[in-house]
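> Build the 3D model from these lines:
(one chain, ligands or ions: 2)
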Amino acid sequence: MTSSPGPGGPASGGRTGPVVIGVDSSTQSTKAAVVDVDSGALLALGRAPHTVTGTDGARRTDPELWWRALASAVADGLRSAGVPARAVSGIAVAGQQHGLVVLDRAGRPLHDALLWNDTGSAPQARALTEELGADGWLARTGVLPVASMTATKWQWLREHEPRVAEAAAAVRLPHDFLTERLCGTAVTDPGDASGTCWYSTADGGYDPVLLELTGMDEKLLSPVAPGGGDRAGVLTAAAAAELGLPAGIPVAVGTGDNMAAAVGLGLGRAGLLDHPVVSLGTSGTVFAASRTRPAVPEVAGFASADGAYLPLGCTLNCTLAVDKVAQLLGLDRERAELGGGPVLLPYLDGERTPDLPHATGLLTGLRHATTSGQLLGAAYEGAVFTVLRALDALLAACRLDPAAQDTAALPLRLVGGGARGRTWVETVRRLSGRPLVLPEATELVALGAAALAGSAVSGTDPVTVATSWNLGRGRELPPLERDMETWRRIDSVLDAAAGPLLG
Ligand SMILES: Nc1ncnc2c1ncn2[C@@H]1O[C@H](COP(=O)(O)OP(=O)(O)O)[C@@H](O)[C@H]1O
Ligand SMILES: O=C(CO)[C@@H](O)[C@H](O)COP(=O)(O)O
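Ligands and ions are numbered 1, 2, ... in the order given. So this is what the prediction gives:
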């Protein structure tokens, strides 16, 4: 459990006043950022690992493990920062999106949570899409019910574990399960709610037609607050005792992890709009805060945590897929040789964008002369190509098409764990041909959650809080000439294989 700030975090100055805690409960781990409210300085980052179980496309975690990891990461963070618990003035949680958490009347999990990257509900996703038609879903939610979406997982549970579904007294997302544990209030925000496929961003509420279609009673779901920085309640005595924090401190509503990263970068209604972000983590995501909600299949029209929209593309195979290939080759992740010739589509877990839930990894172009470094390079290129392919769809859908508005000059903000990797950064530069901004802050999700906590404490808009902390500042990298030869080689393999080999 590492408890010191990652490299490149904002200046870790000393504590000058009260602190807030921003929690990032994501796929692989929980991170707790201890942040000085006045300066935004990251004083320490507590970490605790998660366990993800499942084979053949199943990806699950016991929600009680998330709660234990939150407590451990908070304790680690405070200890490392040398901050007494009494200095903590607020807390907020940002969590991996879409996970299905099913609870009994006492708030105890009835089943391991089905995660965003569990592709087991692909048949249910297909059935729901056919029921309303793609256009019907896009008109109501701005989102297609692919296997990642919560509603498809609920359908899977009803079909495969009917007794669990019947016994459900509450259905939560990962972030609002933890928020309720903190303050006893069932509440979520528009951002995370918009990833369920039950919520209409147009109407600002759960869509009764979609609830009916999936046998979901709205009473089981968390009510939706106006924003992630609103106050959900205060830390209960029970939670305070478990976390070693002061009872009664404000708890923010919180949001999904990508929505929190957008807040951390100062993107949103009260900040920057239409500035694209690429996040390289367990998932590869592309997003931009926008005043418009696109309605195209490969771009999810999510809401942001502050009342704007957050159109988002998401790939299933990003850093973990490349780490797996490096492990198979016995190579350090930086020992890649780029532009070497083979093409590797690392769709080890199926793929979400493009929607190929049953896909597996595909390698072509292997020759006697191929080196292990070139194979690892091909994995990076396949993963980054798939993320940037989603970015092109986002830019076109939000009318941010480079040709239309010359946004080719707009820099890409590159965040997530992969943004710390030289080869990841070089591959994004080569395949995008765009300027990059590498924020100094390395944990934008946790820092964005800290801004939500700061908002719940002060009442100031969360994007305004994050902007005052200047978390989005970073190093600019000029564009490289785009490697269109590699891009076209990968694109032609995906085009040829998408049906027969990857379907
Ligand atoms: N210095 C680094 N160089 C390359 N990759 C890194 C580095 N540090 C972390 N990573 C990658 O980042 C991933 C974790 O990213 P992160 O965004 O924290 O994950 P999550 O999606 O669970 O929030 C790991 O899978 C790892 O491969
Ligand atoms: O499904 C999505 C977005 O729609 C993913 O981005 C999850 O939110 C998981 O996030 P990470 O664990 O990769 O941060």
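> Checking the residue of the chain most remote from its centre next. Helix, strand or coil?
Here the chain reaches farthest from its C-alpha mean at residue 368, the gap being 39.5 Å by C-alpha atoms, centre = their mean. Under DSSP: H, G, I helix; E, B strand; the rest coil, the three-state class of residue 368 is coil.
> What distance do you get for it to residue 351?
As judged by C-beta to C-beta, to the nearest Å, residue 368 and residue 351 stand 29 Å apart. For every residue, glycine as well, the C-beta is placed using N, CA and C.
> Show me which residues of the stretch 1-150 of the chain sit near ligand 2.
Residues of the stretch 1-150 of the chain that fall close to ligand 2, judged by C-beta under 6 Å from any ligand atom: 26-27, 96-98, 116, 148.
> Export those residues as TSV, with columns for pLDDT and distance to residue 278.
TSV is the format used below for those (pLDDT from 0 to 100; distance: C-beta to C-beta, whole Å):
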residue	pLDDT	distance to residue 278
26	96	16
27	96	17
96	98	18
97	98	17
98	98	20
116	97	18
148	97	18
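> Are any of the residues you listed buried, and if so which?
26-27, 96-98, 116, 148 (16 or more other C-beta atoms under 10 Å).
> what are the phi and psi values for the closest residue to residue 418 other than its chain neighbours?
Nearest non-adjacent residue to residue 418, counting by C-beta to C-beta, 6 or more residues apart in numbering: residue 280, 2.7 Å away. Taking degrees, to the nearest 10, you get phi -110, psi 100 for the backbone angles of residue 280.
> got it, and residue 285?
phi -130, psi 150.
> if I look at it, how far off is residue 97?
Distance of residue 285 to residue 97, given as C-beta to C-beta: 9 Å.
> Next: residue 469.
Going from residue 469 to residue 97 by C-beta to C-beta gives 24 Å.
> per-residue confidence averaged over the helix or strand harbouring residue 69?
In this assignment (DSSP states H and E), residue 69 forms part of helix 63-81. Averaging pLDDT along helix 63-81 yields 97.
> With stretch 153-161 instead?
Averaged across stretch 153-161, the pLDDT comes to 98.
> Residues in contact with it: which ones?
For stretch 153-161, the surrounding residues in contact (C-beta atoms under 8 Å, 6 or more residues apart in numbering) are 98-100, 102, 111, 114, 118, 120-121, 124, 127-128, 147, 164-165, 171, 214-216.
> and it, is it in reach of ligand 2?
No. Stretch 153-161 is not in contact with ligand 2 by C-beta under 6 Å from any ligand atom; minimum separation 11.9 Å.
> starting at the chain centroid, how far to that stretch?
Offset of stretch 153-161 from its chain centre (C-alpha atoms, centre = their mean, to the nearest Å): 24 Å.
> Could you figure out how far the helix or strand just after the helix holding residue 69 is turned away from helix 63-81?
Using DSSP H and E, the helix or strand that follows helix 63-81 in sequence is strand 88-95. Counting by axes from the mean of the first three to the mean of the last three C-alpha atoms, to 10 degrees, strand 88-95 lies at 140 degrees to helix 63-81.
> Check which helices and strands strand 88-95 is in contact with.
Packing partners of strand 88-95 (3 or more C-beta pairs under 8 Å, 6 or more residues apart in numbering; DSSP states H and E): strand 19-25, helix 63-81, helix 174-183, strand 250-252, strand 255-256, helix 257-264, helix 444-458.
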